[in-house]
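[1] Okay, sequence plus prediction incoming.
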Amino acid sequence: MIRVLFVCLGNICRSPSADAIFRKKLDDHPWLGSRVDVDSAGTAAWHVGNPPDPRSIRVGAERGYDLTSLRARQAVSADFESFDYILAMDKTNLNNLRAIKPAGYSGHLSLFLDFAGMCKAEVPDPYYGEGDSGFHEVVDLIEAASDGLIEQLEVRFS
């Protein structure tokens, strides 16, 4: 079993979107989906226990993704014992994760967009933006990175 953790700041916009999108994309690869477990977290504890931002839920639903069952949690150093891939949405959160990473972690810690094969390095935080356009951009970027990660996992399991 491969375990993947998506991480943003508050775990209410980007990382729960990645969680839902990646799960749905795994449904299209049932032999792979049965070998991959997915979760999301935030580096900050502000929203622990809360559902995703209503805009993330709405835009996700418009695009065919269900975020309604997800609840925010904070990333902790014990996650490095449980997850093979810990994927940050931006460089700040990647640095926050590096600060709590145990010395012996042998898994994959990187930016999620490293799997997208594009120049853009970070999934921008849409929280303070106006309207839904930032949330749609987040979905676009996460879809691309999810496809790239699935390709890599397929190679790993083949």
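    Thanks, I have the structure now.

[2] what's the distance between the worst-scoring helix or strand of the chain on mean pLDDT and the middle of its chain?
    Ranked by mean pLDDT, DSSP states H and E, the helix or strand of the chain with the weakest confidence is helix 30-33, at a mean of 91. Computed by C-alpha atoms, centre = their mean, to the nearest Å, the separation of helix 30-33 from the middle of its chain amounts to 18 Å.

[3] which helices and strands sit right next to the lengthiest helix in the chain?
    Taking DSSP state H as the criterion, the chain has its longest helix at helix 133-157. On a contact count with 3 or more C-beta pairs under 8 Å, 6 or more residues apart in numbering; DSSP states H and E, helix 133-157 meets strand 2-8, helix 14-27, helix 30-33, helix 54-62, strand 85-88. For the C-beta atoms, the positions are set from N, CA and C on the backbone; glycine is no exception.

[4] Could you rerun that using 7 Å?
    Judged by 3 or more C-beta pairs under 7 Å, 6 or more residues apart in numbering; DSSP states H and E, helix 133-157 is in contact with helix 14-27, helix 30-33, helix 54-62.

[5] picking that back up, compute the inter-axis angle for the helix or strand that the least confident helix or strand of the chain is followed by and strand 2-8.
    Note on helix 30-33: by DSSP states H and E, the next helix or strand toward the C-terminus is strand 36-42. Counting by axes from the mean of the first three to the mean of the last three C-alpha atoms, to 10 degrees, strand 36-42 lies at 20 degrees to strand 2-8.

[6] so residue 87 touches residue 107, yeah?
    No: taking contacts as C-beta atoms under 7 Å, residue 87 lies outside contact range of residue 107: 10.4 Å.

[7] Of the two, which one has the most company?
    residue 87 (28 against 17; other C-beta atoms under 10 Å).

[8] need the contact list for the more buried one.
    For residue 87, the contacting residues are 4, 5, 6, 7, 110, 112, by C-beta atoms under 7 Å, 6 or more residues apart in numbering.

[9] Which residues belonging to the least confident helix or strand of the chain are considered buried?
    Within helix 30-33, the residues that count as buried by 16 or more other C-beta atoms under 10 Å are 32, 33.

[10] Check stretch 115-133 too.
    Quick answer for stretch 115-133 (16+ other C-beta under 10 Å): 115, 116, 122, 123, 125, 126, 127.
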